[in-house]
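Novice: below are the sequence and a predicted model; questions follow.
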Amino acid sequence: MKVTLEQIDRGTEEVIIRYRQMTDSLAGIVEYLEGRSDKLTGIKDGQQFLVNVPDILYLESVDGVTYFYTKSEVYKTAHTLALFETLYEQEGFFRCSKSTMLNIYRIRRLKSMSGHRIDAMMDNGEHIIISRHYAGALRNILKGEM
């Protein structure tokens, strides 16, 4: 992919993307450039779907590919966890391990575990383990000490 940057003295900043075929990566770039959206594009069975961000329970990165999970579906996304964290941290998304983020508003129950970890049961019944490295930050968030 060729990237061309041009500094201007006046006028409106503009980004032009020329593509032969819309890819997951390009879709993620477009979403990023357009700013945070209430919907996220996800790929399932070769089709693109728009999913409401509040419906996302958690995101997981596996072998460099990011997936997000709703109550009953799994979608692939072009967003990285780092980008998602930047765009949606204020919406209640919390990094709970190196490869996982969860939506704190979709947690049904929390349980302390040995080793200062936390077991978060999500709305769909799945259990996400919050590593000890991130557990203290979650406790602070829940206390309102962001």
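Specialist: Arrived safely, thanks for sending. Numbering: from 1, shown residues only.
Novice: check which element follows the one helix or strand in the chain whose mean pLDDT sits lowest along the chain.
Specialist: Lowest on mean pLDDT, DSSP states H and E among the helices and strands of the chain sits helix 24-34, with a mean of 71. Using DSSP states H and E, the helix or strand that follows helix 24-34 in sequence is strand 39-44.
Novice: contact partners of that following strand?
Specialist: Here strand 39-44 makes contact (CB atoms under 8 Å, 6 or more residues apart in numbering) with 24, 27-28, 31, 48-53, 56, 68, 73-79. Backbone N, C-alpha and C define where each C-beta goes, glycine included.
Novice: filter the residues you listed down to the ones in strands?
Specialist: 48, 49, 50, 51, 52, 68, 74, 75, 76, 77 (DSSP state E).
Novice: would you confirm that the fourth one contacts residue 69?
Specialist: By that I understand residue 51. No - using CB atoms under 8 Å as the test, residue 51 is too far from residue 69 to be in contact (10.2 Å).
Novice: now do the contacts for the residue positioned nearest the centre of the chain.
Specialist: The centre of the chain sits closest to residue 84, judged by CA atoms, centre = their mean, with a distance of 3.7 Å. Contact partners of residue 84, counting by CB under 8 Å, 6+ apart, are 59, 66, 77, 93, 101.
Novice: can you list the strands that the strand or helix carrying residue 111 pairs with?
Specialist: Taking DSSP H and E as the criterion, residue 111 maps to strand 107-112. The strands beside strand 107-112 in its sheet (DSSP bridges) come out as strand 118-122 (antiparallel).
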